[in-house]
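1. Requesting a structural model of the entry that follows:
(2 chains, ligands or ions: 2)
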Amino acid sequence: MSQGYRAVGWNPQKKTYDRVLGLGLLLYLGLFVGVGFALHPTATAETLLLRGLGTSAFLLLHGILCIGPLARLDRRFLPLLYNRRHLGVSMFLLALVHSVFALIQFHALGDQNPLVSLFVGNTRFDSLAHFPFQPLGAAALAILFLMAATSHDFWLANLSAPVWKALHMLVYLAYALLVMHVGLGILQAETSPLWAGLVLAGLALVLGLHLVAGWRERGLDRELAPGDAGLVDVCAIDEIPEGRARVATISGERVAVFREGLTVTAVSSLCQHQNGPLGEGRILDGLITCPWHGYQYDPCSGRSPAPFTERVPTFRVVLRSGRVLVDPTPSPAGTEQVPACAEQPQ
Amino acid sequence: MKDDFYIGYLPTTTPGLGAFLKRTGLAYLAACLVVALGLVASMGGFSSAVFEYGVERDFEGTLVGGPVPMLLVDRPSSEGEPSSYVLTAFGKFGAGPEVEPHAGARVRLSGTLIYRDDRTMVELSAGSIEVLAPVALSRTVSTERTEELGELTLEGEIVDSKCYLGVMKPGNLKPHRACAVRCISGGVPPVLLVRDDAGHASYFFLVSEDGGAVNSEVLDHVAEPVRLTGRAVRRSGQTFLYANPAELQRL
Ligand code: HEM
Ligand code: FES
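-> Ligands and ions are numbered 1, 2, ... in the order given. Here you go, the predicted model:
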């Protein structure tokens, strides 16, 4: 476990990011309610605000879900991933206000506890068109809450990376629940094709980007088999760009083979922070640096520099006539390897 | 530019990357705002119903008890039917418990107007009923002016009269279902809303065959298309459907 959390302060970029986010949200809600009243003078403020909050949270969730595959398709999106937590927490807060508003409007001041009414008010579990859509929103909210509450690195360290990662994969379940919350809710009454069309377009965008990003990476997971002496031939040494890695799947695991100058080293490509792709990182000041949040590891030992204590498994590397050969058996995380050195400049 | 490597904890990005991010952020924001405009512009219309929230008025008239509590107010002309205001209570409750002890009496009360089309409802301010003349002295209006409309089979949607008449917009259909259930369960009179081909709405207050409340029996059928056969009666300015709620049919 890590001793400390990397003191990532609120640097100017983060402040800009947050300021843009806050202003954007105000602009969105103002526009929704303002134009709403201009076009529908007899509307009620409660309904416009409820819809503005719900749709802004839903749109933000689309953005959050698209950043992942976009960053895999084009590295320039990576900085957005770096600060994705702020988007997530903002989205949760918007969704929370929407939910509390709905709970008060539709369930409070009645003959039943509002939280009970939320689940027993509509009893048509036997019908799709009339299916209770509000409990679906509540389930999604519970997931978003868990994610927002555990978004800090404190939880990541205490829950362990795989558990944390699994928890955060639930965002896809939350998204599915919300598509149904909207589809079985407002779309049953709001008959404009634009509303339904936009929900479908959003779904197509999220699914499409994930499929394309997965398709692009399909080659990566082709398992390389060991050859002579049980070593895996990964590539020629000059196929690895300076300070970068070549990623290969060996023994069912993605391995990042880095080159710095004439030395070649190999570590597991899974960052211990949030399973970021170390193989897409680069060597900075002699340390492998994760492209997602900048965690660093020594290329030979797979250990984070003190005082940090993360370790990744390492692999033995051998160079033979310009080819990079990797021992497919991973050494325990943090095992020091002798780096392979090429004799002449490539 | 090609090898921009972003390090989040350093204070700056390279100019090329910064410009790309700015463009991306703005494009996303613009897309969201365009979506918002589209959603707002294509939202179904809101009715012109009114809930005079925060405005209390005084009313004087004769109380009618039963599952659909009403206040009958004589019109200034004193000719013809009195105006009939259906009464509800604050929140998602009916006014029955407050009205019943004074049914038939001439009273003064205060409340908040709710109206839609030519229908008017009053949200009774709690404890505001002041008896002017007890039951025996006031004109009995509840049984007179009854007009039988015969047996009708109606297709429509059950709504809670309070929300539909103006407290909520929209006050019907699926998104409002759970709220309508709460209101009807709390005693707000259920209405079968029937639209003719021209879209004109008729309101039928639902009561049992012997005129009792059916609130708890209709809960599973609100906010969806239903068919119901019953005896339609016009009384005290409102139309009632005397029917057996067990015969409600989903369409
Ligand atoms: C306890 C939780 C929730 C409740 C009770 C709830 C309730 C509602 C209700 C009643 C509506 C229809 C309102 C209308 O007539 O316009 C609605 C719509 C909507 N909800 Fe939720 N919701 C909940 C959670 C969420 C969450 C977590 C999201 C996340 C993004 C969300 C997003 C939306 C959206 C996009 C709409 C469509 C726009 C609208 O009609 O307001 N809801 N919700
Ligand atoms: S995943 Fe966060 S730094 Fe690697």
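
2. What's the local residue count around the residue of the stretch 51-200 of chain B found nearest ligand 2?
-> Nearest to ligand 2, among the residues of the stretch 51-200 of chain B, is residue B:175, at 40.2 Å (C-beta to the nearest ligand atom). C-beta coordinates here come from the backbone N, C-alpha and C atoms, glycine included. Neighbourhood size, residue B:175 [other C-beta atoms under 10 Å in any protein chain shown]: 23.

3. Cross-check the contact I'm expecting between it and residue A:186.
-> Yes: Residue B:175 is within contact range of residue A:186, at 5.5 Å (criterion: C-beta atoms under 8 Å).

4. Low-confidence stretches in chain B?
-> B:1-13, B:78-79, B:136-144 (pLDDT under 70).

5. for it, which helix is longest?
-> Ranked by residue count, the top helix of chain B under DSSP state H comes out as helix B:15-42.

6. can you pull out the helices in chain B?
-> B:15-42, B:96-99, B:161-162, B:177-185, B:215-218.

7. Flag every buried residue along the first one.
-> It refers to helix B:15-42. Under the neighbour-count criterion of 16 or more other C-beta atoms under 10 Å in any protein chain shown, helix B:15-42 has B:17-18, B:20-21, B:24-25, B:28-29, B:32-33, B:35-36, B:39-40, B:42 buried.

8. Likewise for stretch A:104-115?
-> For stretch A:104-115, by 16+ other C-beta under 10 Å, it's A:105, A:106, A:107, A:108, A:110, A:112, A:114.

9. Just to check, residue B:164 is in contact with residue B:171?
-> Yes: using C-beta under 8 Å, residue B:164 makes contact with residue B:171 at a distance of 4.1 Å.

10. Looking at those two, which one has more neighbours?
-> Using other C-beta under 10 Å as the criterion, residue B:164 and residue B:171 rank with residue B:164 on top: 29 against 25.

11. Pull the contacting residues for the more buried one.
-> With contact taken as C-beta atoms under 8 Å, 6 or more residues apart in numbering or on different chains, residue B:164 is in contact with B:49, B:116, B:171, B:172, B:191, B:193.

12. Give me the below-cutoff pLDDT ranges for chain A.
-> A:1-11, A:219-221, A:344-346.

13. do stretch A:260-272 and chain B meet at all?
-> No: residues of stretch A:260-272 contacting chain B under C-beta under 8 Å from any C-beta of the partner chain: none, with a closest distance of 13.3 Å.

14. List the buried residues for that stretch?
-> For stretch A:260-272, the neighbour count (16+ other C-beta under 10 Å) marks A:260, A:263, A:264, A:265, A:266, A:267, A:268, A:269, A:270, A:271, A:272 as buried.

15. so which of the residues you listed comes closest to ligand 1?
-> Distances from ligand 1 to those, taken as C-beta to the nearest ligand atom, are shortest for residue A:271 (29.3 Å).

16. circling back to that earlier point, can you spell out which helices and strands pack onto the longest helix of chain B?
-> Secondary-structure packing of helix B:15-42 (3 or more C-beta pairs under 8 Å, 6 or more residues apart in numbering or on different chains; DSSP states H and E): helix A:12-39, helix A:45-73, helix A:78-82, helix A:193-216.

17. Residue B:60: neighbour count?
-> 13.

18. Quick check: chain neighbours aside, which residue is closest to it?
-> Leaving aside its chain neighbours, residue B:60 sits nearest to residue B:108 (4.8 Å; criterion: C-beta to C-beta, 6 or more residues apart in numbering or on different chains).

19. Give me the distance between the residue lying closest to residue A:63 once chain neighbours are set aside and ligand 1.
-> Once flanking residues are discounted, residue A:63 sits nearest to residue B:28: 5.9 Å by C-beta to C-beta, 6+ apart. Per C-beta to the nearest ligand atom, to the nearest Å, residue B:28 is found 16 Å from ligand 1.
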